[in-house]
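Enquirer: what follows is a predicted protein model with its sequence.
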Amino acid sequence: MEKGPIKLVLISIYTLMLVVCTIILYNNYHHLYDQVTIVEDQEAVARRSQLSIPIKIEIYNEKWGSYVFENEEAIQKIWKAMNEITMGPTDTEPSYPLKEDVKISGHINYINGSSDFFEIGSWLVLNDQTYDDNYKMPLIDNLKNELLSYLYSQQRIADIMETAVSVTLRAGGVRQEIALSDNDRQKLKRILLDSIKIETNREVINLLKNKGNALGHIRIYLQDAASISRQKAADLVNIDVYEDAFFVVQYMGDENGRHMYFRGPLDQLVHELEKNAGEKRE
């Protein structure tokens, strides 16, 4: 074959490939760029961003009551934690156990009047989406603990005591539980409200090292004391009272074993109640 026809064939193939590439590039250019894009003005962008700004968060627990967050800093902290948890894949059906130790439900209220429902235990449910992946569990636990810290307070314990079926004391010198009268309950309530919650780990550790044996145990029964059992632990709050104005509160329904540590003269009330009980027996 002569060089002329071969050269002509090569030129034809090259030209055909060039035409095909040009057509492909042309179509892609129009697909990507030949579209109308509307750029919103600053006011419209700001208005849209405000639709998802939380202004109030309400939480509720069956035993510990409710709390409303209206402080902007606290709201943003919770909102940021939820955003971290909700990033990534989700499940449409909850996979959490039927029974949970502590569960908190609530609503997030936005500036435009809308709201989202959420529920948190060993999972997070936000509206219809469930987040319970293993790698998210530390984030979920941290958020739940943060929310619980607002419910676990002197005021909440005092509120629970108002509706408790009975409040009793078991002290070292008394064989049977002493039922606190209404007057005794009011004394206990005032001490709780005036006590200081211990927040630093160092102080807690030092107090636990030197606490010795408990002077007595105050129990707040949310149902009939006779019905309390392992399965009914959610209906019991226990307070261990020690010398030197130190006491420890534990909600027995919290399987995480969370304790609250306080400084307050509850030991004086225990001595008073124990003395009064001894005088009655004489």
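Expert: Alright, I've got the coordinates. It should be emphasised that the depicted structure is a prediction, and the values quoted were computed from it without experimental measurement. Numbering: from 1, shown residues only.

Enquirer: secondary structure class for the most centrally placed residue in the chain?
Expert: In the chain, the residue lying closest to the centroid (C-alpha atoms, centre = their mean) is residue 144, at 2.0 Å. At residue 144 the chain is in helix, as set by DSSP: H, G, I helix; E, B strand; the rest coil.

Enquirer: give the contact list for it.
Expert: 102, 104, 120, 121 (C-beta atoms under 8 Å, 6 or more residues apart in numbering). Where you see a C-beta, it was placed from the backbone N, CA and C, and this is true even at glycine.

Enquirer: neighbours of the third one, how many?
Expert: Spelled out, it's residue 120. When neighbours are defined as other C-beta atoms under 10 Å, residue 120 has 24 of them.

Enquirer: who does it bridge with?
Expert: Residue 120 forms beta bridges with residue 104, residue 124, as assigned by DSSP bridges.

Enquirer: looks like it contacts residue 141 (just checking).
Expert: No - between residue 120 and residue 141 no contact is recorded; they are 9.5 Å apart, counting by C-beta atoms under 8 Å.

Enquirer: show the contacting residues for residue 233.
Expert: Contacts of residue 233 (C-beta under 8 Å, 6+ apart): 252, 253.

Enquirer: now swap in residue 140 and tell me
Expert: Each residue near residue 140 by C-beta under 8 Å, 6+ apart is listed here: 85, 120, 122, 123, 124, 131, 132.

Enquirer: run through who's touching stretch 82-89.
Expert: For stretch 82-89, contacts defined as C-beta under 8 Å, 6+ apart pick out 108, 118, 124, 126, 129, 131, 133, 136, 139, 140, 143.

Enquirer: now do stretch 151-160
Expert: Applying C-beta under 8 Å, 6+ apart, the set of residues contacting stretch 151-160 from outside is 59, 61, 63-65, 67, 104, 189, 192-193, 195, 197, 220, 222, 237, 249, 251, 258, 260, 262.

Enquirer: just stretch 253-261 next, same as before
Expert: For stretch 253-261, the surrounding residues in contact (C-beta under 8 Å, 6+ apart) are 63, 101-102, 145, 148, 152, 197-198, 204, 207, 233-236, 246-251.

Enquirer: now do the domain split for this protein, please.
Expert: If you go by automatic domain parsing, the domain ranges for the chain are 47-151, 154-281.

Enquirer: state the mean pLDDT of the last one.
Expert: Going back to what we said before, that points to domain 154-281. If you average the pLDDT over domain 154-281, you get 83.

Enquirer: helix, strand or coil: sort out residue 63 for me.
Expert: Per three-state DSSP, the secondary structure class of residue 63 is coil.

Enquirer: which residues in the protein form strands?
Expert: Remark: strands assigned in the chain by DSSP state E are 54-61, 65-69, 104-110, 115-120, 124-126, 129-131, 166-171, 178-179, 196-197, 216-221, 236-242, 246-251, 259-263.

Enquirer: tell me the most buried of the ones you listed?
Expert: Burial of these is given as mean neighbour count (mean count of other C-beta atoms under 10 Å); strand 246-251 ranks first at a mean of 23.

Enquirer: show the contacting residues for residue 161.
Expert: Contacts of residue 161 by C-beta under 8 Å, 6+ apart are 167, 185, 188, 189, 192, 220.

Enquirer: oh, that last question was meant for residue 239, not what I typed.
Expert: 217, 218, 219, 220, 247, 248, 249, 250, 266.

Enquirer: how close does it get to residue 119?
Expert: 29 Å (C-beta to C-beta, to the nearest Å).

Enquirer: do residue 182 as well
Expert: Going from residue 182 to residue 119 by C-beta to C-beta gives 36 Å.

Enquirer: now swap in residue 156 and tell me
Expert: To residue 119, residue 156 is 20 Å away according to C-beta to C-beta.

Enquirer: ok, which stretches of the stretch 151-282 of the chain are helices?
Expert: For the stretch 151-282 of the chain, the helices defined by DSSP state H, counting those that start in this stretch cover 154-163, 182-194, 201-209, 266-281.
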